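**Student:** Need coordinates for the following:
(one chain, ligands or ions: 1)
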Amino acid sequence: MEIAVRTAQSEPSRIKSLLEQELGFGRIFADQMFCMRYTEGTGWRDPEIVPYGPLPLMPSAMVFHYGQEIFEGQKAYRRADGRIAMFRPEANAARFNSSARRMVMPEIPVDVQVRATLQLVGCLREWVPEPPSALYIRPTMIASEAALGVRPAKEYIYFIIGSPVGPYFPKGFAPVRVKAEGHYVRAAEGGTGAAKTGGNYAGALRAQTDAKNEGYDAILWLDAKHHRYIEEIGAMNILFVFEGKLITSPLLGTILPGITRESLLRMARDEGRPVEERRMSIEEVTAGIEKGTLTEAFGAGTAAVVTPIGTIGWAGKDYVIGGNKPGPFTQHIYDTLTGIQCGKVKDPYGWVRTIE
Ligand SMILES: *Cc1c(COP(=O)(O)O)cnc(C)c1O
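**Tutor:** Numbering: from 1, shown residues only. Just a heads-up that it's a prediction; the model follows:
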């Protein structure tokens, strides 16, 4: 499939001055995007790179009514040698297809997704800021058919946009305060928790907003059945260092199978650290913090890569982990993974794809 490029190269000096400001997260958007359309019976057509701008959609477009939508998140990094690198783009493409299957949307071959991403990032190379900033890449698919009635749509739009981003948490690599949520739930067994679909995030806003108002940075989600077992924080997976072992929730269909999570588990195993994928209850975690056997906790996800957790609020009490400082393993694994992504540390896994 030939990708038509219908954009002019952007003005490097204008981009440079845009990148010099405080980037924040997801506030500035690169001026080119990838777009492709799907119709049942015909399949995917018209792959093109076009100027970033509004999509023509009818108010009856099904995405607005029934939320048939999926997305991905990955980053392009600027390396010291000037090359641009992507981290495991095939893994994001495979996960996009697994989200598509769950939401009854058309899959896109992994190689087509990766080619579209790499070609767009090539066009946007001037938009990739210096580390620790990066160009966040957001592939998205929406149901664009103009129709009412609850059923899978017959028409879709797939697009990829780019946003130069600074650190996800404005405080940077500083421990966050999370609130274990005993009332609201994010995902139930058999639900859509393992798919990156918009409704999961809309459904989380009530709890997230209440937690912010109570002085927390993010929600620590517990399982829907028992309101006990730790699942995720915000839009990140969560890992603990407990009795020297790295422990994280197994993939039981309620949590998002994070690529950062999987990469960190692989790296930890290869370093000889014991790794366990098992459920931990909030009682086990808070007791471990009090006894001093739970020494570190951190979130893992593309946006922030690794986020140390300094405080867990539960049942009206704040539990402080590791003196509210990033732990040694958290710091080490963050340095190693971001080092691999930016080309400062050798990549023994073949995870990094560079764009010449
Ligand atoms: C995207 C996401 C993650 C992290 O996935 P990565 O592939 O590591 O970026 C974790 N949890 C949720 C809910 C997510 O949406």
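
**Student:** residue ranges with poor pLDDT in the stretch 51-200 of the chain?
**Tutor:** 169-172 (pLDDT under 70).

**Student:** Tell me how far the closest residue in space to V345 that isn't next to it in sequence lies from A297.
**Tutor:** Excluding its sequence neighbours, the residue lying closest to V345 (Cβ to Cβ, 6 or more residues apart in numbering) is G339, at 3.1 Å. C-beta here means a position set from N, CA and C on the backbone, and glycine is covered the same way. G339 sits 22 Å away from A297, taking Cβ to Cβ, to the nearest Å as the criterion.

**Student:** so where do the strands sit in the stretch 51-200 of the chain?
**Tutor:** Taking DSSP state E, counting those that start in this stretch as the test, the strands found in the stretch 51-200 of the chain are 69-71, 74-78, 84-87, 134-143, 155-165, 176-181.

**Student:** residues from the stretch 251-356 of the chain in reach of the ligand?
**Tutor:** Residues of the stretch 251-356 of the chain lying close to the ligand by Cβ under 6 Å from any ligand atom are L256, G258, I259, T260, R261, A300, G301, T302.

**Student:** Mind checking which of those residues are in strands?
**Tutor:** Cross-referencing these against strands under DSSP state E gives A300, G301.

**Student:** top of the residues of the stretch 251-356 of the chain next to the ligand by neighbour count?
**Tutor:** A300 (27 neighbours; other Cβ atoms under 10 Å).

**Student:** how much space between the residue lying closest to that residue once chain neighbours are set aside and L252?
**Tutor:** In space, and not counting its chain neighbours, A300 is closest to T260: 4.2 Å by Cβ to Cβ, 6+ apart. T260 is 18 Å from L252, where distance means Cβ to Cβ.

**Student:** Between G339 and A297, point out the one with more neighbours.
**Tutor:** A297 (31 against 14).

**Student:** element containing the more buried one, please.
**Tutor:** Per DSSP states H and E: A297 is located in strand 294-301.

**Student:** in whichever helix or strand comes after that strand, what counts as buried?
**Tutor:** From strand 294-301 onward toward the C-terminus, using DSSP H and E, the following helix or strand is strand 305-314. Residues V305, V306, T307, P308, I309, G310, T311, I312, G313, W314 are the ones in strand 305-314 that count as buried (16 or more other Cβ atoms under 10 Å).

**Student:** Now render those residues as CSV, adding distance to I321.
**Tutor:** Shown next, in CSV, are the buried residues of strand 305-314 (distance: Cβ to Cβ, whole Å):
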residue, distance to I321
V305, 19
V306, 14
T307, 12
P308, 8
I309, 6
G310, 6
T311, 7
I312, 7
G313, 12
W314, 12
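
**Student:** any idea which of the residues you listed is closest to the ligand?
**Tutor:** V305 (8.4 Å; Cβ to the nearest ligand atom).

**Student:** Can you tell me the closest non-neighbouring residue to that closest one?
**Tutor:** The shortest distance from V305 to any non-neighbouring residue, by Cβ to Cβ, 6+ apart, is to T338 (5.7 Å).

**Student:** With R45 instead?
**Tutor:** Nearest residue to R45 in three dimensions, chain neighbours excluded: R37, at 5.8 Å (Cβ to Cβ, 6+ apart).

**Student:** how distant is the host helix or strand of that neighbour from the center of its chain?
**Tutor:** Using DSSP H and E, R37 sits in strand 32-39. Centroid displacement of strand 32-39 relative to its chain, using Cα atoms, centre = their mean, to the nearest Å, is 21 Å.

**Student:** strands paired with it, and their directions?
**Tutor:** strand 43-51 (antiparallel), strand 155-165 (antiparallel) (DSSP bridges).

**Student:** Out of these, flag the one nearest the ligand.
**Tutor:** Among the strands paired with strand 32-39, strand 155-165 sits nearest to the ligand (Cβ to the nearest ligand atom), with 13.0 Å.

**Student:** Quick check: closest non-adjacent residue to whatever residue of the stretch 101-250 of the chain ends up closest to the ligand.
**Tutor:** Taking Cβ to the nearest ligand atom, the ligand has its nearest neighbour within the stretch 101-250 of the chain at A235, 4.0 Å off. Counting by Cβ to Cβ, 6+ apart, the nearest residue to A235 once its immediate chain neighbours are dropped is G301, at 6.0 Å.

**Student:** and if you look at V5?
**Tutor:** V5 sits nearest to I49 (Cβ to Cβ, 6+ apart), 4.7 Å away.

**Student:** how near is the nearest residue to Q21 once chain neighbours are set aside to P12?
**Tutor:** Using Cβ to Cβ, 6+ apart and skipping the chain neighbours, the partner closest in space to Q21 is I28 (8.0 Å). Distance of I28 to P12, computed by Cβ to Cβ: 16 Å.

**Student:** Quick check: G327 touching I309?
**Tutor:** No - taking contacts as Cβ atoms under 8 Å, G327 lies outside contact range of I309: 9.7 Å.

**Student:** For the stretch 1-150 of the chain, which residues are neighbours of the ligand?
**Tutor:** Counting by Cβ under 6 Å from any ligand atom, the stretch 1-150 of the chain sits next to the ligand at G73.
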